[in-house]
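A.B. asks: Following is a predicted model, sequence given first.
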Amino acid sequence: MEAVAEGLWGLADEFEKKGEIGKAVKCLEAICQSHASFLPIVEVKTRLRIATILLRHSHNVNHAKSHLERSQLLLNSIPSCFDLKCRTYSLLSQCYHLVGAIPPQKQILYKALHLTSAAAPDVSAKLWCCNFNSQLANALIIEGDYQNSISTLESGYVSATQICYPELQMFFVASILHVRLLMQWDDQTANEVERALQRCNQVWETMPSDRRAHCMGLLFYNELLHIFYRLRVSDYKNAVKHVDKLDAAMRQDSKSRGQLTRFTTTTTTSAGNDSLEPTYFGNAKRALQDKLFLAPPPINGEWLPKSAVYALVDLMIIIFGRPKGNFKECDKRIQSGIHIIKEELIRLGITDDVREVDLQHSAIWMAGVYLMLLMQFLENKVAVELTRSEFLEAQEALMQMKNWFIRFPTILQACESIIEMLRGQYSHSVGCYNEAAFHYVEAAKITESKSMQIMCQAYAAISYFCIGDAESSSQALDLIGPVYRMKDSFVGVREEASILFAYGLLLMKQQDLQEARNRLAKGLQIAHVQMGNLQLVSQYLTILGNLALALHDTGQAREILRSSLTLAKKLGDIPTQIWVLSVLTGLFQQLGERGNQMENDEYRRKKFDELQSRLADTRSSIYHIELIDKVKLQVQQFHEIDMKRTIADESMRVNLDIPESVGLSTPMPVPSSSRLVDLDTGRRVQGERT
C-alpha cells in the first residue's frame, strides 16, 4: 500500500507543478478516503501535504484546518514522529490564526512548546522552538498582551543563542523592538525602547558581514524600525541616513533580482525542507526572489511582502524629501508607490467594484496593509499639490482617498480623521476659512491621537484668525490658549512648531509684538534646525519680516523677507510668494524706494492673477463643494465582527506609526497692500505642512 501512496504523492506533485490544484488535492484525498488500510503515518503525511497545497494555492483555510486536526488526532497515538508533529502544530496554528481562532491557536502552540522542551536539545528542536515562540508572540500581540509577547520573544532569543544562530537572534531582538516601539511605547517605557534599539545594533554588528549580506529582510526590517524611532523622537537629521541606506539596498536588490535570497544554515533538517511561511505575514504565492525573509527555516516569514517594503521605502523618501521641496523626486516616488500598491491590490482581487464585505477573511489583513499605504501616498500627494497651488490635482487625490474610505470604512477607519484634516487643508488653501475650521475641529474630535488633536486645534485656530472677526478670534483663543499652556508636556517638535505659530499670531492680535517675536523666533529655530521644513521656515520668516516692519526694523525686515521669498520660489508656493511680495511692497513704500515698490508690486500682481485663475478653475470643479461642505463623511458601516477583529488586531502587528505628514495649507493674502503693517495678519498666515 505504501507504493500506492507514493505513486499518488508523485502524481499530485505533477498536477501541482502544472497548476492543476484541484486534481492534486483529489489524488491525495483518495488516500485519506480509501477503504484500504494505510499506515497512520502515511495518512498524516498525506493530510499535511493537502493542507500545505490548500494554504499555498487557495483561500480554503477551513478545509486545510480539518485535515490538520485529523492529523493531530492520529499523531497522538504515535510516540515518535517529532518532525511531523511539529509541522502539523505549526500549520494548524497558522490555520487557527487565519480564521481568527486565537484561543485554540495558543493552546496548540503551548502543546507544541511542551513537545520541544521534552525533546533532545538538538538544533532541530531549538529551531522549532523558535518557530512556535514566534507564532505565540504574535497571538499574544493580537490579544494586546504585549508584556507576555516580549517574554515569549525573549524565550525565542534564548533558543537561537543556544544554537549560535545570529540571524535568528536578530529576528527576535528586532521583533522585541517592534513591540516596544510601535505597540507599547509611552513615557514609562521610553528607556526600554532605547535599550531594545541598542540591542538590535549590537546583535547586527556581531553578525559577519557576509552573513548580513544574505539577510535583506532583516536589513529592511531593522532599518525601518530605526526610522520609525527617529520619527517618534523627531530626530529627522539622523533618520535620513537610515532612509538613504534603505534606498541603496533597494536599488541593489532590484539589480540582483533573480538571485534567490536565502538564509544559509549550518544544518540540514527536514524541519525546513517543506516549511510554509507563517501566514500572518501574508499568504500570497510568490517566487522566492520576491520575498524578504526575516528568519531561516522553519520560520521563513516576512514582516511585509517585498512589494510593500519597497513602497514603504518610497514613502519614507517622500516624507523626508517633501518638506525640503524635493518635489520632482517625490512625484516619482508617489507614482512608483501607487503603481506597486495597485498591482498588489489587483492580485488580492480588489478591483473597482470590490468592497470590504467582498474580501476573503484571509485576505483582509494584507489588503489593509496595502490600502493604508495607498492612503499615505495619496495624503502626501495632496500635500505636494497644495504646496505648489495645483488645487485640481489635490482635489483628485483627496477624492480618491474619500472613495477608498467609503469602500473600505472598517479597514481604513483610522484614515477618517486624516481625510477630515485634509479637507481642512484644502478649504484653507482656497480661502474657505470657516469650512476649514469646521473640518479641523471634526478631525480633532474623531482621532484618538493626542498629537493629531493638538495639530488640528492649532490649524483650526489659524483658520479662525484668518476669518478676522471678533467671534472667530475668540474661538481661536479658546483653541490655542489651553494647548499652549500644556505644550511643555509634548514630545513632538511638529506640535510645538504649530502651536508657537498660532500663539505668535494670537500675541500679534493682542498687540504684544515683542513677545510674539520671541515665540515666533523659537518656532523658526525648531522648523529650521530640528525639522528642516523649508515651507514652514518660509512662513515663519514671512511673518517675522512683517513683525520687523511693524517694529520699524527695516534692515532686518528686508533681509528676512528676501530669504523667505527665495524659499517660497524654490517650493513653487505661490500664495506665500504673494504674501511676501505684499509685505515687501509695504517695506519699499515705507522706505520711499519707489522703483523697487513698483517692480515688486507688478510681480505680485502677476502672481496674484495666476493664483486667481487657478482658484477659478478649482471652484468650478464638481468636487469643490463636496470637499469644503461642512458635512462629515457618510459611510455604511458593515459591523462585521470578524472583520473588525481582524483589522483591529492584525493592524497592531504591522502598525507603521508614520507621523501625520501634512499640516496647514496656504491662506489667501489680502489683495490690497494698504493693510500690510496693520497687524491683521491672520488672513495672510500660512501654517505648516510637515
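C.D. replies: The structure has been received and is ready for your questions.

A.B. asks: Just the helices from the stretch 251-400 of the chain, written as ranges.
C.D. replies: 306-321, 327-347, 361-387, 391-407 (DSSP state H, counting those that start in this stretch).

A.B. asks: quick one, which of those helices is nearest to residue 108?
C.D. replies: helix 361-387 (18.1 Å; C-beta to C-beta). Just so you know, the C-beta spots here come from the backbone N, C-alpha and C atoms, and that holds for glycine as well.

A.B. asks: elements contacting the closest one?
C.D. replies: Counting contacts by 3 or more C-beta pairs under 8 Å, 6 or more residues apart in numbering; DSSP states H and E, helix 361-387 is packed against helix 306-321, helix 327-347, helix 391-407, helix 416-429, helix 641-653.

A.B. asks: So residue 196 is in contact with residue 183, correct?
C.D. replies: No - counting by C-beta atoms under 8 Å, residue 196 does not reach residue 183; the two are 11.9 Å apart.

A.B. asks: one step back: of the helices and strands packed on helix 361-387, which stretch is the most buried?
C.D. replies: Comparing the helices and strands packed on helix 361-387 on average neighbours per residue, with mean count of other C-beta atoms under 10 Å, the densest one is helix 416-429 at a mean of 26.

A.B. asks: Can you list the buried residues in the very next helix or strand once past that one?
C.D. replies: Proceeding N to C from helix 416-429, the next assigned helix or strand is helix 433-446, under DSSP states H and E. Of all the residues in helix 433-446, those buried under the rule 16 or more other C-beta atoms under 10 Å are 433, 435, 436, 437, 438, 439, 440, 441, 442, 443, 444, 446.

A.B. asks: Identify the residues contacting the spatially closest residue to the last one that is not a sequence neighbour.
C.D. replies: Counting by C-beta to C-beta, 6 or more residues apart in numbering, the nearest residue to residue 446 once its immediate chain neighbours are dropped is residue 417, at 4.1 Å. Listed by C-beta atoms under 8 Å, 6 or more residues apart in numbering, the contact set of residue 417 reads 443, 444, 446, 447, 449, 452, 456.

A.B. asks: repeat for residue 396
C.D. replies: Contacts of residue 396 by C-beta under 8 Å, 6+ apart are residue 623.

A.B. asks: and it, how far is that from residue 435?
C.D. replies: 19 Å (C-beta to C-beta, to the nearest Å).

A.B. asks: what's the answer for residue 42, then?
C.D. replies: Applying C-beta to C-beta to residue 42 and residue 435 gives a distance of 71 Å.

A.B. asks: again, but for residue 152
C.D. replies: Distance from residue 152 to residue 435, counting by C-beta to C-beta: 50 Å.

A.B. asks: same check, this time on residue 219
C.D. replies: In terms of C-beta to C-beta, residue 219 sits 46 Å off from residue 435.

A.B. asks: likewise residue 166?
C.D. replies: From residue 166 over to residue 435 (counting by C-beta to C-beta), the distance is 57 Å.

A.B. asks: Check residue 623 too.
C.D. replies: In terms of C-beta to C-beta, residue 623 sits 14 Å off from residue 435.

A.B. asks: before we move on, what about residue 53?
C.D. replies: 56 Å.

A.B. asks: What is the helix or strand hosting residue 91 packed up against?
C.D. replies: Using DSSP H and E, residue 91 maps to helix 82-98. In terms of contacts (3+ C-beta pairs under 8 Å, 6+ apart), helix 82-98 is packed against helix 40-57, helix 61-76, helix 102-118, helix 123-142.

A.B. asks: right, so of the ones you listed, which gets closest to residue 567?
C.D. replies: Taking the helices and strands packed on helix 82-98 one by one with C-beta to C-beta, helix 123-142 is closest: 44.0 Å.

A.B. asks: what helices or strands is that closest one leaning on?
C.D. replies: helix 82-98, helix 102-118, helix 146-162, helix 166-182, helix 641-653.
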